[in-house]
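[1] Pasted the sequence and its predicted model underneath.
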Amino acid sequence: MATNIQVAIRIRPFLPFEAGSKSCIDVLPGDSANDTTASSSASNRPITQGKSVRISSSHSHHNKDGHTFTFDKCFSGHATQVELYQTCVVPLLNKCLEGYNATTLAYGQTGAGKTYTTLGPATSPDFFKHTTNEKQHSQEYDAVGILPRALRDLFRQLENKRTTLNGGGGNGDDSLAEESGNAAEQQVTGAFGSKSPAPKNNARSNTKGDKQKQQPFEYQVKLQFLELYGEEIRDLLTSSPNTQQKIVIRDAAGDAEAIGATEVAVADAQEAMVCLTRGMLRRVTGATAMNAESSRSHAIMSVMVEQITRSNSSGEEGGEAVLLNKSKFNFVDLAGSERQKRTNAKGTRLKEGININKGLLVLGNVISALASGDKAKFVPFRDSKLTRLLRGSLGGNHKTLMIACASPSHKNAEESLNCLRYANRAKNIQNLAVVNVDPHSKLVNVLRGQVEALAGELLRLSNRSGGKVDSDRFSLELLKTLVKGGKEAQGVRIGEKAKAESATLDATTAEFSNNSVKELTTELERSRLSFKGDLADKSKQLDALVSERNSLRRTSESTSGSPSRTLFSAVTPSKAKGSTRDESIQEILTTLSDAGNGVSENDIASPALATVESGEELSTTLEEPCATSEKELQSAKYQITKLSSEVQSLRESLDHSKQQLDAKDRRAAIHLG
């Protein structure tokens, strides 16, 4: 559900050199803007809080001639840091612990108290050991800013939750006790409702956790501190400030992410404050005529919280329902808007002021575009790196509080009026904040819940008379285990019947596979025997043809007289030599090839005797026949040609059979593999 940005106005007290001046801006008591009473009717104490403010113009000292604005909260110069923190920041801190992103945005004129509100003066380490149940608080503790207070209460509540869920012997309902500017003690219920003093922080060891035994609740807190100087993003927590790594802004869904920025894991609030203080010392500041310690850059301090909650309290690894929440709390301290004629800035300070005003101008344009409510209107987020970094805080996935700081001096009345108008536009911006839960763990938890619900329904039907439930698959013990959930439910199988069906299916699959292998093996053996028979027949035919051809050639030679050279000599292999059939065939083919290589092309009588499978030419030289036996010689040549063709056909047939046999062998190997 979309919610509007919360806007609070804080009026700083008069500075020492402004003592005796009359305030140009006043907080109106109550919720009515028409109530012009300047003090409480119940007592003479000054008003500290209200809902409306009235500001007079710079030329008039009478409030009736001024402008009235209404906001969520207004704090006068008499309000303390404690009041501002408890009223506005504690609700945001509780939402952050629930998994929402949160932002506090300090805006205002230079010297209006933005950095003081956010950080306050130097924070003593004793502040983080200070228990909130003490009746009296020192003035030093009351001046601490909202950031150190938020860090202290953040770790305190996380430790309270860890102690409670992990069975560490906590006192149960521990709550945040509230400091008060007076002697009265105010209390606000914390996110986990704690009332006892927080135990000692041990976040570092708890965050990493013991791999042997995981706790039901673990958390980790990281810090990120960025400075925007001009249009340059600087990392204030880097270990090597002289070699800054380039930081790139990546737009995510409803937020922005700084890629390359340093994230420092901290164990407690005191360590976190040390990191932030070290970063503040690196921040660019300078003196102007309006502020001796003016911030010359925008600062964004981010506290990132990661919480892991496991439903299984036994602490055993595996089987738990894990819920992962990641949230972020941004504390933004903007540089103050300024006018050159008031600050007397020159040189570098003048350029810094121009860059500051330029960034705030773009921020104002973004606020105006978002406050208009027109979703089709273009929002110039990319005109400045400041607005890109604040994309989630303005109209995104954050719960945002804007603290507009104003000066009560009449000299600054015009700038204060502009600040109030600026804040009045911002309160119309709507953000859509959602709990940041890891989608995978969320889906698993939803499915587990559905299984438990369905098991409960089946259990109800089984107990109900007339209900039909397969008792073999869903026994009462099984349903009760599923309804209970947890690790035991994850190891449950749906009944013995399902096991039997699974075993039957496996056996059937194995039997089918074995039968297929047997059939393929039998077919392969049959094919081999068939090919061997064909090979034996064709070998016999080849022996007969070769013998007949040799006989014809010898007849031709004797008829034509003594030949000029040996025509052909090929001895048919005989089984008497001890050769096998395959060896005999191979010897015949080799002999034919050798003989063909020894015959000249000029002696070939017929082109039909020219080729064999291997590409070698087989030539037969015949002596010129005598005139008396020419017909017989021609007949012998024809027979030789015919026999050569048949030999070639037999060779091709043998090769084809061999290829088929090899293909069968490959298919059998693939199937068996």
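    That came through, no problem. Residues are numbered from 1 along each chain as shown.
[2] from here on, contacts and neighbour counts on C-alpha atoms
    Noted.
[3] Show the contacting residues for residue 222.
    Residue 222 makes contacts with 263-266, 303-305, as judged by Cα atoms under 8 Å, 6 or more residues apart in numbering.
[4] Apart from its chain neighbours, what residue comes closest to it?
    Spatial nearest neighbour of residue 222, excluding adjacent residues (Cα to Cα, 6 or more residues apart in numbering): residue 265 at 4.2 Å.
[5] Need the three-state assignment for that neighbour.
    When classified by DSSP: H, G, I helix; E, B strand; the rest coil, residue 265 comes out as strand.
[6] The one 5 residues further on too?
    Here residue 270 is helix, with the state taken from three-state DSSP.
[7] quick one: pLDDT of it?
    Note on residue 270: pLDDT of 90.
[8] That one - how many residues pack around it?
    The number of residues packed near residue 270 is 21, by other Cα atoms under 10 Å.
[9] Residue 365 too?
    17.
[10] pretty sure it contacts residue 380?
    Yes: in this structure residue 365 lies within contact range of residue 380 using Cα atoms under 8 Å: 7.3 Å.
[11] mind checking the backbone torsions on the closest residue in space to residue 245 that isn't next to it in sequence?
    The shortest distance from residue 245 to any non-neighbouring residue, by Cα to Cα, 6+ apart, is to residue 260 (6.8 Å). Note on residue 260: its backbone torsions stand at phi 100, psi -10 [degrees, to the nearest 10].
[12] show me what contacts residue 260?
    Residues counted as contacts of residue 260 (Cα under 8 Å, 6+ apart) are 245-248.
[13] Ok, residue 366 next?
    Residue 366 sits next to 379-381, 387 when contact means Cα under 8 Å, 6+ apart.
[14] so which of those residues comes closest to residue 97?
    Proximity of the contacts of residue 366 to residue 97 (Cα to Cα) peaks at residue 387, which lies at 25.6 Å.
[15] mind checking how far that closest one is from residue 222?
    Using Cα to Cα, to the nearest Å, we find residue 387 at a distance of 23 Å from residue 222.
[16] same question, residue 403
    Applying Cα to Cα, one obtains 24 Å for the distance of residue 403 from residue 222.
[17] With residue 95 instead?
    Per Cα to Cα, residue 95 is found 18 Å from residue 222.
[18] Repeat that for residue 235.
    14 Å.
[19] cool, and residue 651?
    Distance, residue 651 to residue 222, using Cα to Cα: 82 Å.
[20] The residue nearest to residue 222 contacts residue 220, doesn't it?
    Yes: under the criterion of Cα under 8 Å, residue 265 lies in contact with residue 220, with a separation of 7.2 Å.
[21] List the buried residues of the host helix or strand of residue 364.
    Assessed by DSSP states H and E, residue 364 sits inside helix 348-371. For helix 348-371, the neighbour count (16 or more other Cα atoms under 10 Å) marks 349-350, 352-357, 359-360, 362-371 as buried.
[22] and it, average pLDDT?
    92.
[23] next SSE after that helix?
    Trace forward from helix 348-371 with DSSP H and E and the next one is helix 385-389.
[24] what does the average pLDDT come to for the following helix or strand past that next one?
    Once helix 385-389 ends, the next helix or strand along the chain (criterion: DSSP H and E) is strand 399-406. Across strand 399-406, the average pLDDT comes to 95.
[25] same deal with stretch 254-265?
    For stretch 254-265, mean pLDDT rounds to 89.
[26] From the opening residue of that stretch to its closing one, how far?
    In stretch 254-265, first residue to last residue: 25 Å (Cα to Cα).
[27] buried set for it?
    254-258, 261-265.
[28] a strand runs through residue 226, doesn't it?
    Yes: counting by three-state DSSP, residue 226 is located in a strand.
[29] quick one: contacts for it?
    Counting by Cα under 8 Å, 6+ apart, residue 226 has contacts 233-237, 261, 299-301.
[30] Same check on residue 393?
    Each residue near residue 393 by Cα under 8 Å, 6+ apart is listed here: 102-103, 255, 399-400, 431.
[31] between the residues you listed, which is closest to residue 660?
    Taking the contacts of residue 393 together and measuring to residue 660 by Cα to Cα, the closest member is residue 255, at 67.2 Å.
[32] With adjacent residues omitted, what lies nearest to the closest one?
    In this structure, residue 255 finds its nearest non-sequential neighbour in residue 392, 3.8 Å apart by Cα to Cα, 6+ apart.
[33] Same check on residue 1?
    Computed as Cα to Cα, 6+ apart, the closest residue to residue 1 that is not its neighbour in sequence is residue 432, at 6.1 Å.
[34] what does residue 426 give?
    Nearest residue to residue 426, sequence neighbours excluded (Cα to Cα, 6+ apart): residue 367, at 5.8 Å.
[35] Okay then, goodbye and thanks.
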